[in-house]
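Enquirer: the sequence and its predicted three-dimensional model are supplied below.
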Amino acid sequence: MDEAPEQAGDIRSLRLLQRLVTVLMLVMIAGFIVLIAFLVTRFPDGRALPALPEAIDLPDGATATAFTQGPDWYAVVTEDDRILVYDRTSAALVQTVEITAGR
């Protein structure tokens, strides 16, 4: 006879655990939906991506390893430790910087 109240407590604990797991699942699904909605509204058609040049004319023998850009310029880092800075509007080479650090 003492087992009936103990089993009732176990059943109540299991039901509470089941409800907590269900609530956690619903919260995770809602969070995932909010995350996807944020990404869809933030990047609807690629307008948030920066404008990249169509092509970059590198000097003979130069191989690009990195690219970065500013509002009116862009730069290419080459394998031979140079930074080539180009004007965004004319695509002309504006400056060449030799990298000597670490040598």
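Expert: Arrived safely.
Enquirer: contacts, neighbours, all on C-alpha from now
Expert: Will do.
Enquirer: what's the domain layout of this protein?
Expert: The chain resolves into domains spanning 1-49, 50-103 when parsed by automatic domain parsing.
Enquirer: so how far is the longest one from its chain's centroid?
Expert: Computed by C-alpha atoms, centre = their mean, to the nearest Å, the chain-centroid distance of domain 50-103 equals 24 Å.
Enquirer: now do it, average pLDDT.
Expert: For domain 50-103, mean pLDDT rounds to 88.
Enquirer: residues near residue 74, how many?
Expert: For residue 74, the neighbour count with other C-alpha atoms under 10 Å is 20.
Enquirer: return the most buried member of the domains of the chain.
Expert: Highest mean neighbour count among those (mean count of other C-alpha atoms under 10 Å): domain 50-103, with a mean of 13.
Enquirer: point to the residue nearest the middle of this structure.
Expert: Closest to where the C-alpha atoms of the chain average out (C-alpha atoms, centre = their mean) is residue 39, at 10.8 Å.
Enquirer: quick one, strands of the chain?
Expert: 64-69, 73-78, 82-87, 93-98 (DSSP state E).
Enquirer: strand partners (parallel or antiparallel) of the second one?
Expert: Take DSSP bridges as the rule and strand 73-78 pairs in its sheet with strand 64-69 (antiparallel), strand 82-87 (antiparallel).
Enquirer: save the strands of the chain as CSV, and put in distance to residue 51 too.
Expert: Shown next, in CSV, are the strands of the chain (distance: least, C-alpha to C-alpha, whole Å):
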stretch, distance to residue 51
strand 64-69, 10
strand 73-78, 11
strand 82-87, 14
strand 93-98, 18
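Enquirer: between those, which gets nearest to residue 34?
Expert: Closest approach to residue 34 among the strands of the chain (C-alpha to C-alpha): strand 64-69, 32.0 Å.
Enquirer: re earlier: okay, the strands paired with strand 73-78 in CSV with distance to residue 54 next?
Expert: CSV is the format used below for the strands paired with strand 73-78 (distance: least, C-alpha to C-alpha, whole Å):
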stretch, distance to residue 54
strand 64-69, 13
strand 82-87, 13
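Enquirer: nearest to residue 23, out of these?
Expert: strand 64-69 (45.7 Å).
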